[in-house]
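Trainee: sequence first, predicted coordinates after that:
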Amino acid sequence: MRTTAFIQWTPAYSVGHSLLDRQHRFVIEVINELYQARIHLRSPGEFKAIFQRLGQYTKTHLAYEEKFLADHGYPEQAEHARLHQAMKIRILAIEQQNETGDVDISQELFDFLKDWWLTHILEEDMRYAKFFENRSG
């Protein structure tokens, strides 16, 4: 039985850089996997492992994106990094709850993940996409 994704990737989320787009897609895939684990009442251990993967990959992606922006002279890189820092703090707090088994896997968690990622991609990341597009063309 095929299930609908919690977040459906669309071309509107593309920032025009293949590696960053693949990273964004992967984050969305893991959020979808986490959501399916919740829907299908997977074991707490399975949910914990998926969330750990999401947290680790989020940190890896954000660090890569920050370095990419700094290396390419993006003028709003420092502000972009501050936004990332807020997400890293939130993910760390959720990871700590996950470690103790106290993570709240309510719809609120998923709404937060969806809202943060889609807003971040469509607003903040599109700013750098526009910057690079204007710079090259």
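Mentor: Everything's here; your move. Numbers count the residues shown, from 1 in each chain.

Trainee: what's the biggest helix by length in the chain packed up against?
Mentor: Longest helix in the chain, counting residues (DSSP state H): helix 44-71. Here helix 44-71 touches helix 18-39, helix 77-100, going by 3 or more C-beta pairs under 8 Å, 6 or more residues apart in numbering; DSSP states H and E. No exception for glycine: its C-beta is placed from N, CA and C like everyone else's.

Trainee: where does this structure dip in pLDDT?
Mentor: 1-3, 98, 100-106, 136-137 (pLDDT under 70).

Trainee: ok, for Q23, nearest residue in space, not its chain neighbours?
Mentor: Among residues not flanking Q23 along the chain, H61 sits closest, at 4.5 Å (C-beta to C-beta, 6 or more residues apart in numbering).

Trainee: burial check on that neighbour, number of neighbours?
Mentor: Residues lying near H61 (other C-beta atoms under 10 Å) number 18.

Trainee: tell me the contacts of it?
Mentor: Q23, H24, F26, V27 (C-beta atoms under 8 Å, 6 or more residues apart in numbering).

Trainee: of those, buried ones?
Mentor: Q23, H24, V27 (16 or more other C-beta atoms under 10 Å).

Trainee: please look at the second one and Y13 and confirm they touch.
Mentor: Yes - using C-beta atoms under 8 Å, H24 and Y13 qualify as a contacting pair, with a distance of 6.2 Å.

Trainee: shared neighbours of these two, anything?
Mentor: Joint contacts of H24 and Y13 (C-beta under 8 Å, 6+ apart) are I121.

Trainee: now do the end-to-end distance for stretch 7-24.
Mentor: End-to-end distance of stretch 7-24 (C-alpha to C-alpha, to the nearest Å): 12 Å.
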